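Undergrad: Sharing a model prediction with you, sequence too.
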Amino acid sequence: MKSAKFDYVVAKTVADATAALASAGASPAIIAGGQSLVPMLNLRVAFADVLIDISGIEELRETSLTTNGITIGALTTHAAIEDGKIPDPFRGLLRKVASGISYRSIRNYGTVGGSVALADPAADWPVCFMALGANVCIATGEVSRSQAITEFIESQYITSLRKDEIVIGLHIARSDEPQRWGLHRVARKNGAFADSIAIAVQRDNEPPSIALGGAVQRPFLLAAAARQLSRRGTPEIELRAAIAQDVRANVPEADSYLMRLHTSTVLRAVREMGSQ
């Protein structure tokens, strides 16, 4: 299949892009790497009356690292992170996540901003950024705002973005405290979206953070499991019960298979974090 007809606009600045969004019809769409959007348009599971191309806005490729945190430009590709072309102050977690996304040809074009803005619950970056406590940087015209990614992603393919707003980057705070992390991912085949993906992160003297995505309505943090894990010497049976509590609260439609799958994924991520 091929997509329905649409108009095409090339934006040279963020202001150009948001102005085009504001003046567009009912269904405008931003395109950068297009690795998710183009197939969806071709299959007609997504529709757009105008595509606004932001791939040439160089400021959205910039990454800045300070003592307080890192801001990753929305047009940063998965491959750029995988290849270490931007700093990774999280002991290799960003590179590990990037290297597991689909295939190299996809990673060469797919962007972190596009992944977050699409809000696919099976995507890797939303889970990673939730575990790291990231904020989404958003702009309209010359005005920008920041919102926690846990609030930005509202449901499956639904975010808090208004019609005239675009994602311009991700900001993640950093700490001098040593950090450990664990990641486990289950997919039906190599390169496929995850059925279950869990990332656990902990800095010394700070509570752990555990995020889960995959076959869920939206990625989420596991609060009960994190509290249980904060207690030294927690028996695995109690941690399992806490994970199950979080999954039931956030994935009420989960059957026994999904409960076992998500529980196993989280446990494996936690064990990897504990082994570091």
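TA: Cool, the structure landed.

Undergrad: Touching, Arg188 and Ala194? I think so.
TA: No - between Arg188 and Ala194 there is no contact under CB atoms under 8 Å: 9.3 Å. For glycine as for every other residue, the C-beta is placed from the backbone atoms N, C-alpha and C.

Undergrad: count of residues packed around Leu161?
TA: 19 (other CB atoms under 10 Å).

Undergrad: how far away is Val201 from Ala148?
TA: To Ala148, Val201 is 15 Å away according to CB to CB, to the nearest Å.

Undergrad: of the two, who's got more company?
TA: Between Val201 and Ala148, counted using other CB under 10 Å, the more crowded position is Val201 (24 against 13).

Undergrad: pLDDT on the host helix or strand of that one, on average?
TA: Taking DSSP states H and E as the criterion, the element that holds Val201 is strand 196-203. Across strand 196-203, pLDDT averages out at 96.

Undergrad: Can I get it as PDB, trimmed to CA atoms?
TA: This file holds the C-alpha atoms of strand 196-203, laid out as PDB (Å, rounded to 0.1, in the frame of the first residue of the first chain):
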ATOM      1  CA  SER A 196       8.700  -6.600  27.400                       C
ATOM      2  CA  ILE A 197      11.600  -4.300  28.200                       C
ATOM      3  CA  ALA A 198      12.800  -3.300  31.700                       C
ATOM      4  CA  ILE A 199      15.500  -0.900  32.700                       C
ATOM      5  CA  ALA A 200      16.600  -0.500  36.400                       C
ATOM      6  CA  VAL A 201      18.900   2.300  37.500                       C
ATOM      7  CA  GLN A 202      20.300   3.200  40.900                       C
ATOM      8  CA  ARG A 203      22.900   5.600  42.100                       C
END
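
Undergrad: now Ala20: how far from Asp7?
TA: To Asp7, Ala20 is 10 Å away according to CB to CB.
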